[in-house]
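Undergrad: Sequence plus the predicted model coming up.
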Amino acid sequence: MTRVLPNAEYAPRGIKSVRKLASFANTRNHKLVMIIGSHANQLRELRFLDVATGWRWLNARIELGDVKLQKDLGQKVRLVDVKIVVSKQNIARNFAHLISRLWGLQFTEELPSAGGVAMVGDDGKLRVEFHADPSAGPVGPILHITHFEVI
């Protein structure tokens, strides 16, 4: 995710407590932390921590199904100026609005002519695909979403 989200940084797993993670994020001038939960070496969940003043869990949770990383697709691409592009389906649109706010990315229903895009689609399965260019194939990650909620 650090290659596709602007200003994203990876924090090593060695930072254990939420308080230490919030402190680490503050020293790097970040206001939001995305925590990627895994089980049996499979990415399973995205949770979000607001660290602007102290810390508090945000009321948003995203459950992941199948995930294809850049390395799984034979890619190693850093995206800049990524826009979220959504199809017309209501579920996809609701999800795109949520991740737009959480990830700080611009939301659009019109495909831009150039630049990185995170395409949100729902053709029976909700997913997010990152592309270096709107006309090119996905560079990853590709996130299949099994459930999302604003708690």
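TA: Alright, I've got the coordinates.

Undergrad: Strands along this protein, start to end?
TA: Secondary structure of the chain by DSSP state E: the strands cover 32-39, 42-50, 56-68, 83-86, 106-108, 117-122, 126-131, 138-150.

Undergrad: and the top helix by length along the chain, what other elements does it pack with?
TA: Longest helix of the chain, by residue count under DSSP state H: helix 90-103. Packing partners of helix 90-103 (3 or more C-beta pairs under 8 Å, 6 or more residues apart in numbering; DSSP states H and E): strand 32-39, strand 56-68, strand 83-86, strand 106-108, strand 117-122, strand 126-131, strand 138-150. C-beta: built from backbone N, CA, C; applies to glycine.

Undergrad: Which pLDDT does the model give the residue lying closest to residue 91 once chain neighbours are set aside?
TA: Among residues not flanking residue 91 along the chain, residue 122 sits closest, at 5.2 Å (C-beta to C-beta, 6 or more residues apart in numbering). For residue 122, the pLDDT comes out at 86.

Undergrad: for residue 122, which residues make a bridge with it?
TA: Going by DSSP bridges, residue 122 is paired in beta bridges with residue 126.

Undergrad: what do you get for residue 39?
TA: Beta bridges link residue 39 to residue 42, judged by DSSP bridges.

Undergrad: Residue 150 too?
TA: Assessed by DSSP bridges, residue 150 has beta-bridge partners residue 60.

Undergrad: So it versus residue 61, what's the distance?
TA: Shown here: residue 150 relative to residue 61, a distance of 8 Å by C-beta to C-beta, to the nearest Å.

Undergrad: which one of the two has more residues nearby?
TA: Neighbours were counted for residue 150 and for residue 61 using other C-beta atoms under 10 Å; residue 61 has more, 16 against 10.

Undergrad: and that one, what is it in contact with?
TA: Residues in contact with residue 61 (C-beta atoms under 8 Å, 6 or more residues apart in numbering) are 45, 46, 47, 148, 149, 151.
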